[in-house]
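>>> Structural data only, the sequence is not supplied:
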């Protein structure tokens, strides 16, 4: 009966009745607590699902607290490196970001990403290079889910749509004082007000080390170097002849994820757990054999 109620709650969320879905998820959690112990996987999943529905309702503080509880349970039971723990860390970071707690979200993302990236590079870099500190990484995340807009103060600084010209960077005044972040409007909006992309540097082992003393002309400082590189990558997107709104690597990553989601439709879109109802819910485990790409296409950008 509890499983049935949970499935109904998911379906209710799918059709947009988030308040009703949250109430049902809360009832499911109470029953899980009563029947199972607090550390049972089904109980933890119920906490995660309720947190997701509360986030949909805009109750971000309460949702973030529950996501943190899920993370603490995962770390205590499974360890820091278990895939479910890493997924819980990512979900908690996403919720912090939606709560506009950028600094805390960035720290959590850094804790998730850095070890995974280094582990992925171990096969490519021999131990001798690893002992020298290679590979050196710079990790920058980008998002556009914000309400920040910029307007030119002079007519000559605006384009024909009255938006700032492509390549406009804002890295002071409205950015973090203790972190490296910036807004970049890299594209020209086809219609309406342009929305700049927000970039946040989680980890930097390249730019500060290389340009700490002097930046190459015509740049004034190390931030200018990264911002110019980011703007340049926005012109390299294979589907467009002009600059796009976010840097090309992030755009390609989004395309790859969408293609992978189609390949794994049977895993992620089940009657009891659909995409709309479980955007932040913990997803089923996926192994490398679930998607087999032909050997002639593996090293190509076939997904474009």
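Noted; the coordinates are in hand. On a predicted model such as this, the values are computed, not experimentally measured, just so you know.

>>> Now the longest strand seen in the chain: average pLDDT?
The residue-count maximum for a strand in the chain (DSSP state E) belongs to strand 197-204. Mean per-residue pLDDT for strand 197-204: 90.

>>> can you offset everything so residue one is 291?
Taking 291 as the first residue, the last one we looked at is strand 487-494.

>>> From the chain's centroid, how far away is the helix or strand that that strand is followed by?
Heading C-terminal from strand 487-494, the first helix or strand you meet, by DSSP states H and E, is helix 497-501. How far helix 497-501 lies from its chain's middle: 26 Å, per C-alpha atoms, centre = their mean, to the nearest Å.

>>> contacts for the longest strand of the chain?
Here strand 487-494 makes contact (C-beta atoms under 8 Å, 6 or more residues apart in numbering) with 392, 396, 399-400, 403-404, 427-434, 436, 438, 466, 469-476, 516, 520, 535-537. (Each C-beta comes from the backbone N, C-alpha and C, glycine too.)

>>> make it 7 Å
With C-beta atoms under 7 Å, 6 or more residues apart in numbering as the test, strand 487-494 has contacts from 392, 396, 399-400, 403-404, 427-434, 436, 469-474, 476, 520, 535-536.

>>> Now list the buried members of these.
392, 396, 399-400, 403, 429-432, 470-474, 476, 520, 535-536 (16 or more other C-beta atoms under 10 Å).

>>> Among those, name the ones in strands.
429-432, 471-474.

>>> now these as JSON lines including pLDDT?
As requested, those are arranged in JSON lines below (pLDDT from 0 to 100):
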{"residue": "429", "pLDDT": "87"}
{"residue": "430", "pLDDT": "91"}
{"residue": "431", "pLDDT": "88"}
{"residue": "432", "pLDDT": "92"}
{"residue": "471", "pLDDT": "93"}
{"residue": "472", "pLDDT": "96"}
{"residue": "473", "pLDDT": "96"}
{"residue": "474", "pLDDT": "97"}
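
>>> Show me which pair in those residues is furthest apart.
429 and 473 (18.3 Å; C-beta to C-beta).

>>> ok, the nearest residue to residue 372 once chain neighbours are set aside - how many residues close by?
Of all residues not flanking residue 372 in the chain, residue 364 sits nearest, at 6.9 Å (C-beta to C-beta, 6 or more residues apart in numbering). Using other C-beta atoms under 10 Å, residue 364 has 24 other residues around it.

>>> Angles on the backbone of residue 364, please.
Note on residue 364: its backbone torsions stand at phi -60, psi -40 [degrees, to the nearest 10].
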